[in-house]
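> Structure here, sequence nowhere to be found:
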């Protein structure tokens, strides 16, 4: 949802502006034409369209033109999560209205308020780039947002049936290892050439926490999926809720750990430049704990799991590249990232 550098024409085959206008009329959402329709960057899997009606700015989110099998259900789930978070301490785009039926635009979609902010991984404004104290506050804001999400009572806000928390942690390693093994079916001779693969998986199984308090998980919680205010280090919104479910919210803190550069480590794909000033990861964990009653004694396990899971997901592109289904250079890049994530997991294990 960052502002684009210029306005672009909107393909009416993807978003039928007239059909959207009629739908908004029926719901009393302003009057008159929809003006300045502008596709926005920031949605890697889904389409974002900002427009103005009756003096109010909206952002529409819907699946891409070529939908995946679960695209419409993903939109319905996202809208449900945003509705549930209304009135909470979690910074998020405010839901305006949602349409689960595909008949209106050919896909499920929802409208949300436009967020006035920027995504830090795409570049920092002068205020944030020029002051390490501001960047430190940005990091602590991220930890605060994760803790706020973990405090939400998912049953109380109507998400009691949104996921399957029973056995959630027990399913993690077998699920992701099975996904990794499935890549061999793509052809091309791919093999799981990942240093520390078995070591990390076995450690996760041996050290799995015995219990947890269920809650909402964002599922992709990192600096690339948040927006900050232009005029301050305040976090304006957590975005891209397509992986949200119910499970152990410490999964989100683990993801922050996996993507957080530590001393001597190279920047990750979702880190920020300049990095000087951002809190150390132990300070991030401490800050999370100040806003949460959750037991953080096994937090290293969640960081290792995040490295394991993310590395396996990225390795899928490497396998597809070997099978001739993706660019070789991109596959090699993601394979290198996978190796670095498993190296980080092994490093966490050694110090825990």
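Cool, the structure landed. For clarity, every value in this text was computed on a predicted model and none was experimentally measured. Numbers count the residues shown, from 1 in each chain.
> Would you mind measuring from the residue nearest in space to the middle of the chain to residue 106?
Centroid-nearest residue in the chain: residue 220, 2.9 Å away (criterion: C-alpha atoms, centre = their mean). According to C-beta to C-beta, to the nearest Å, residue 220 stands 26 Å off from residue 106. No exception for glycine: its C-beta is placed from N, CA and C like everyone else's.
> before we move on, back to that, give the closest residue to the residue nearest to the centre of the chain in space, chain neighbours not counted.
Once flanking residues are discounted, residue 220 sits nearest to residue 243: 5.0 Å by C-beta to C-beta, 6 or more residues apart in numbering.
> what's the answer for residue 72, then?
Residue 72 sits nearest to residue 108 (C-beta to C-beta, 6+ apart), 4.2 Å away.
> So which residues of the stretch 151-300 of the chain form helices?
With helices called from DSSP state H, counting those that start in this stretch, the stretch 151-300 of the chain shows them at 168-182, 197-206, 250-259, 281-290, 299-322.
> wait, what's in contact with the residue nearest to residue 72?
Neighbouring residues of residue 108 by C-beta atoms under 8 Å, 6 or more residues apart in numbering: 62-63, 71-73, 75-76, 79, 98-102.
> Buried ones in the host helix or strand of residue 139, by neighbour count?
Using DSSP states H and E, residue 139 sits within helix 132-151. For helix 132-151, the neighbour count (16 or more other C-beta atoms under 10 Å) marks 134-151 as buried.
> hmm, back to that, I'd like to know how many residues surround the residue nearest to residue 220.
14 (other C-beta atoms under 10 Å).
> so who does it touch?
Residue 243 sits in contact with 217-220, where contact means C-beta under 8 Å, 6+ apart.
> Let me know the closest of the residues you listed to residue 263.
residue 220 (25.3 Å; C-beta to C-beta).
> roughly how far apart are the closest one and residue 299?
Distance from residue 220 to residue 299, by C-beta to C-beta: 19 Å.
> just residue 138 next, same as before
21 Å.
> Same check on residue 89?
21 Å.
> Which of the two has more residues huddled nearby?
residue 299 (22 against 13).
> wait, that one sits on residue 252?
No. With contacts counted by C-beta atoms under 8 Å, residue 299 stays clear of residue 252, the gap being 11.5 Å.
> still on that earlier bit, contacts only, for the residue nearest to the centre of the chain.
Residue 220 sits in contact with 240, 242-243, 255, where contact means C-beta under 8 Å, 6+ apart.
> Quick check: which of the helices of the stretch 151-300 of the chain is buried the most?
Each of the helices of the stretch 151-300 of the chain was scored by mean neighbour count; the highest is helix 250-259, a mean of 25, by mean count of other C-beta atoms under 10 Å.
> what angle sits between that one and helix 132-151?
Put simply, helix 250-259 runs at 150 degrees to helix 132-151, going by axes from the mean of the first three to the mean of the last three C-alpha atoms, to 10 degrees.
> Counting by contacts, list what helix 250-259 packs against.
Judged by 3 or more C-beta pairs under 8 Å, 6 or more residues apart in numbering; DSSP states H and E, the packing partners of helix 250-259 are helix 132-151, helix 281-290, helix 299-322, helix 328-351.
> for the last one, packing partners?
Translated: helix 328-351. Using 3+ C-beta pairs under 8 Å, 6+ apart: helix 328-351 touches helix 197-206, helix 250-259, helix 299-322.
> Adding mean pLDDT, write the ones you listed out as TSV.
Below are those laid out as TSV (pLDDT from 0 to 100):
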stretch	mean pLDDT
helix 197-206	98
helix 250-259	96
helix 299-322	96
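> for these, which one sits closest to residue 292?
Short answer: helix 250-259, nearest of the helices and strands packed on helix 328-351 by C-beta to C-beta, at 8.8 Å.
> hmm, back to that, so which of the contacts of residue 243 is the most crowded?
Counting neighbours by other C-beta under 10 Å, residue 218 leads these with 27 neighbours.
> Help me confirm that it comes into contact with residue 148.
No. Taking contacts as C-beta under 8 Å, residue 218 lies outside contact range of residue 148: 11.1 Å.
> Name the spans of the stretch 1-150 of the chain whose pLDDT lies under the cut-off.
Scanning the stretch 1-150 of the chain for pLDDT under 70 picks out 1-13, 42-44.
> Quickly list the domain ranges of the protein.
Here the domain parsing of the chain from automatic domain parsing is 17-113, 120-351.
> wait, which of the contacts of residue 108 is closest to residue 288?
residue 79 (27.2 Å).
> The closest one: how many residues sit nearby?
If you count neighbours by other C-beta under 10 Å, residue 79 ends up with 23.
> Many thanks, I have nothing further to ask.
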